[in-house]
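S.K.: Give me the fold of what follows.
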Amino acid sequence: MRMHTTTVGILADKFTFISVLKSCGMLKFMGLGVQLHAQVIKNEFQSDVSVGNAIVTMYSKCGNIRCAQAVFVNMSYRDAVSWNVMIARYAENGLNENALKLFCKMQETGAIPDQFTFASVIKACCGCGIAQTIEQQGKQVHAYVVKTGFESDVFVGSALVDMYGKCGKTEDAQNVLDNMPEPNLVSYNAMVAGYVQNGSGEDALLLFSKMHQAGTEPDDFTFASVLNACSTSETLEQGKQVHALTIKTGFQLDISVGDALFTMYANCKRVEDGLKVFNRMPKRDVISWNAMIARYTQNGHIKDALKLFCKMQESGMKPDEFTLVSVLWACHMEQGEQVHAAIIKSGFESDGFAGTALVDIYTESERIEDALKVFYKFPTPSLMLWNIIISGYAQIGYVEECLKIFCQMLWEYVKPDQVTLASVVRLCGKVGALEQGKQVHGLVVKHGFELDDCVLSGLLEIYVKCGLIHAAREIFENMPHHDLVSCTAMITGFAQHGYCEEAWRLFCMVQEAGIEPDEYTFTSILSTCGSLASLEQGKQIHAHVVKHMFGSDVFVGSALVDMYAKCGSIDDAQKVFYEMPDQNVVSWNTIIVGCARHGCVKMAQDFFHQMQRAGIKPDHVTFVGILSACSHAGLVDEGFDYFDYMTNYCRIAPRLEHYTCIIDLLGRAGRLDEAEYLITKAPFEPNALVWRTLLGACRTHGNIDLGRLAAENLLKLEPQDAMTYVLLSNIYAAAGRWDDVSNLREIMKYRGVKKEPGCSWIEVRNKVHVFVVGDRSHPQTEAIYQKLDELISQMREAGYVPNTKFVLQDTE
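M.R.: Here you go, the predicted structure:
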């Protein structure tokens, strides 16, 4: 395109330049526009305000806001149109703050805004993004509109309705609409859209009816908005009426109305009706195909979604990234790889939703390497992508790789959010990575997420898992909200590390707070009742289990069996066991170990054989239980038979705990030399429990030499263990070797080893009473000791002689 006016001797005037500049802006011919700008300067029209406005408009419509701004700033005179043009162009290009600042500057210069100014400024307010900001700035502009008398202007009024609708203030929007003398179609459309966007579908339909009765004919935008208001089964009948009206008015052939129609039917689970609308559409754009494929996917019609995708390609319609994302979610991984190839071919792999969806699908399928290949093709991965990769590593427990990618994210100056930190801390908690967890804790504080419930729950899990209960409790107490997850984690931590009373108190607080416990809560609190041998409390929890209908849960049932067994109520343990609808290997192990613990050997053996008849394969824990039962009963031969059965028939490799049971079995039977031989020949390095078991047997049978050997090995492993010194002292005392007893006491004193005082407790009337040796703090101490003296006297009168075999002082 060339300029010919000057070459034939005809001089262009300002109207010619304005007209041609306008055409350049509409056609986006910026090159020609620049030439015209030069001609304007050459012909000295640059000072003309109308020409200047035309140049500003041309540059802005061609996307060169910087040049438009430069021309605007250098204009010697600006009228209202000049300001309007620049403000409008800022708003159209998303530079909303620039538009609002320019509006303020316009007022400072004394220029009077008109309806076009206000419309553009209100549009800029809508683009500010945050509803609170939109409302605050919009109300200031609205006040100025009223002050200048433009509140009745339909153009300005429509913009205000749109603004209030977008910030969720539908009542204010309706008030503006009601005060408009003659609202037009644009006004009604803005109000209907506002209602729909804010979930007020019934109000949108009511307004549509009033609009229709007022004689305002709807357009495609009206129908699309109203149909979006009919996307529930309750409003489907009204949607059908609107559908009929689109047919009557001829708008059913419009692409946007067609899209809205089949979206409505699909959202109402009427996919077949939606497909009929789709098939009748004379023209379909990519949005139409996307909507139909997405609805098929969302409603579980996977094969139909894939067939439609193939049909879309056959029709010559090129899929975009939204199409490919919908298809990806519909695919199994084999087909997903085909879609991946289509994504590569379409150029969407390293940009936008499609690439992100690919990374997500690969991580969910635990194909991290494939996910990383896509991830590293992004020039600047978004925070969402980093989170997906980190979450993927965390999901499969790859600690080092997860922390490595997390560090890489930080090195690239990508600021983590609560999702990132929650994934990392959960992984550290899952594997007990304390040091890494502490470092992440520091980052949590640094980035201001120390009050985020999800992040704090992860930190709580780290410290609970690693046994730092005081640190876990501090985090728990500082959490702004306590939900079931955090409370259960804390109860579990207390229970696992011996803080049984604290666990019970917290469980009571959970109930008082109205938080409904789940199966994990019950499993943890039942373990504390078992540890405290608190039968009455355990029975109360059992009642809660029944009330909350967790009685059929196999893990809760197993925890109940364990609790009753630890509290000495084997009959109740059996009753609960037999009432369980299903028993797994954990359930059988629990009842077998419970019977073994209480010396019910025959019962333990019966359960073992029942377990096999039920088709449940025993595991290593099962044999620990049955071997312990044999040990308590002194069934040496049977114990060895079970050991052989485990290794040769069940093909379970013996573990250290199995050898410990056999050593205990031999030790209780007095076969100490065989026990020592087994220790030397076992394929494991003996631990403290092995030597303590042998030492206890030596004490029972008075084997001083072997007892000293066991004690020496035990003290190498646990030099501060007071029980070792006590057991060895018992052996010396039983043999009358008081000098050795005295020497051992001196060694304990020198090494700072103190024997913990004996402790016992009893539950009376739902209260646990704890007694420690030498402790007289119980409120009924005098009565207790008086009764104790009476019992001792009665025992002596009956001829009882105390056994002083293991007294640690010379009684002769």
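S.K.: List phi and psi for V414.
M.R.: When quoted as degrees, to the nearest 10, the phi and psi of V414 stand at phi -90, psi 120.
S.K.: In the stretch 151-300 of the chain, mark out all the strands, start to finish.
M.R.: Read by DSSP state E, counting those that start in this stretch, the stretch 151-300 of the chain holds no strands at all.
S.K.: And for the stretch 501-650 of the chain?
M.R.: With strands called from DSSP E, counting those that start in this stretch, the stretch 501-650 of the chain shows none.
S.K.: now the helices: where do they sit in it?
M.R.: Per DSSP state H, counting those that start in this stretch, the stretch 501-650 of the chain carries helices over the ranges 519-532, 535-547, 554-566, 570-579, 585-597, 601-613, 620-633, 636-644.
S.K.: again with the stretch 651-800 of the chain
M.R.: 656-668, 672-681, 688-701, 704-717, 722-734, 738-751, 781-797.
S.K.: Tabulate those in a markdown table, adding columns for mean neighbour count.
M.R.: For every residue, glycine as well, the C-beta is placed using N, CA and C. Output for the helices of the stretch 651-800 of the chain, formatted as a markdown table (neighbours: other Cβ atoms under 10 Å):
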| stretch | mean neighbour count |
| --- | --- |
| helix 656-668 | 23 |
| helix 672-681 | 16 |
| helix 688-701 | 22 |
| helix 704-717 | 19 |
| helix 722-734 | 21 |
| helix 738-751 | 14 |
| helix 781-797 | 11 |
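S.K.: could I get these as JSON lines with distance to M603 and mean pLDDT?
M.R.: Conversion of those to JSON lines gives the following (distance: least, Cβ to Cβ, whole Å; pLDDT from 0 to 100):
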{"stretch": "helix 656-668", "distance to M603": "18", "mean pLDDT": "91"}
{"stretch": "helix 672-681", "distance to M603": "27", "mean pLDDT": "90"}
{"stretch": "helix 688-701", "distance to M603": "24", "mean pLDDT": "86"}
{"stretch": "helix 704-717", "distance to M603": "32", "mean pLDDT": "84"}
{"stretch": "helix 722-734", "distance to M603": "30", "mean pLDDT": "77"}
{"stretch": "helix 738-751", "distance to M603": "41", "mean pLDDT": "76"}
{"stretch": "helix 781-797", "distance to M603": "32", "mean pLDDT": "85"}
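S.K.: closest to V576 out of those helices?
M.R.: Smallest distance to V576 across those (Cβ to Cβ): 25.9 Å, for helix 656-668.
S.K.: Against which helices or strands is that closest one packed?
M.R.: helix 620-633, helix 636-644, helix 672-681, helix 688-701 (3 or more Cβ pairs under 8 Å, 6 or more residues apart in numbering; DSSP states H and E).
S.K.: other SSEs contacting the last one?
M.R.: Secondary structure elements in contact with helix 688-701, counted by 3+ Cβ pairs under 8 Å, 6+ apart, are helix 656-668, helix 672-681, helix 704-717, helix 722-734.
S.K.: would TSV of the ones you listed with distance to A119 be doable?
M.R.: Formatted as TSV, the helices and strands packed on helix 688-701 follow (distance: least, Cβ to Cβ, whole Å):
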stretch	distance to A119
helix 656-668	81
helix 672-681	92
helix 704-717	84
helix 722-734	86
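S.K.: Which among those is found nearest to R505?
M.R.: From the helices and strands packed on helix 688-701, taking Cβ to Cβ, the stretch that ends up closest is helix 722-734, at 29.7 Å.
S.K.: got the angle between the closest one and helix 704-717?
M.R.: In terms of direction (axes from the mean of the first three to the mean of the last three Cα atoms, to 10 degrees), helix 722-734 departs from helix 704-717 by 160 degrees.
S.K.: Format the helices of the stretch 501-650 of the chain as a markdown table; extra columns: mean neighbour count and mean pLDDT.
M.R.: Shown next, in a markdown table, are the helices of the stretch 501-650 of the chain (neighbours: other Cβ atoms under 10 Å; pLDDT from 0 to 100):
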| stretch | mean neighbour count | mean pLDDT |
| --- | --- | --- |
| helix 519-532 | 23 | 87 |
| helix 535-547 | 17 | 87 |
| helix 554-566 | 25 | 91 |
| helix 570-579 | 17 | 92 |
| helix 585-597 | 24 | 92 |
| helix 601-613 | 17 | 92 |
| helix 620-633 | 23 | 91 |
| helix 636-644 | 17 | 92 |
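S.K.: Tell me which of those helices lies nearest to L308.
M.R.: helix 519-532 (42.4 Å).
S.K.: Which elements pack onto the closest one?
M.R.: Using 3+ Cβ pairs under 8 Å, 6+ apart, helix 519-532 sits against helix 484-496, helix 500-512, helix 535-547, helix 554-566.
S.K.: residues making contact with that helix?
M.R.: The contact list for helix 519-532, computed with Cβ atoms under 8 Å, 6 or more residues apart in numbering, reads 484, 487-488, 491-492, 494-496, 498, 500-501, 503-504, 507, 510, 517, 534-535, 537-538, 541, 544-545, 548, 550, 553, 555-556, 559-560, 562-563, 565-567, 761, 763, 768.
S.K.: redo that, cut-off 7 Å
M.R.: Residues outside helix 519-532 that contact it (Cβ atoms under 7 Å, 6 or more residues apart in numbering) are 484, 488, 491-492, 495, 500, 503-504, 507, 537-538, 541, 545, 550, 553, 555-556, 559-560, 562-563, 566-567, 768.
S.K.: quick one: G239 and A266 touch, right?
M.R.: No. Applying Cβ atoms under 7 Å, one finds G239 not in contact with A266, separated by 11.6 Å.
S.K.: What does the pLDDT read for the residue nearest in space to the middle of the chain?
M.R.: By Cα atoms, centre = their mean, the mean C-alpha position of the chain lies nearest to C454, the distance being 6.8 Å. Note on C454: pLDDT of 82.
S.K.: quick one: the residue nearest to it when sequence neighbours are not counted from I390, how far?
M.R.: Counting by Cβ to Cβ, 6 or more residues apart in numbering, the nearest residue to C454 once its immediate chain neighbours are dropped is A422, at 4.5 Å. For A422, the distance to I390 (Cβ to Cβ, to the nearest Å) stands at 10 Å.
S.K.: so who does Y659 touch?
M.R.: Taking Cβ under 7 Å, 6+ apart as the criterion, Y659 is in contact with 678, 682, 684.
S.K.: rerun at 8 Å
M.R.: 678-679, 682, 684, 690.
S.K.: can you redo those as TSV with distance to K716?
M.R.: Shown next, in TSV, are the contacts of Y659 (distance: Cβ to Cβ, whole Å):
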residue	distance to K716
L678	20
I679	14
A682	17
F684	16
V690	13
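S.K.: Identify the farthest-apart pair in these.
M.R.: Of all the pairs that these form, the one spanning the most space (Cβ to Cβ) is L678 and F684, at 10.8 Å.
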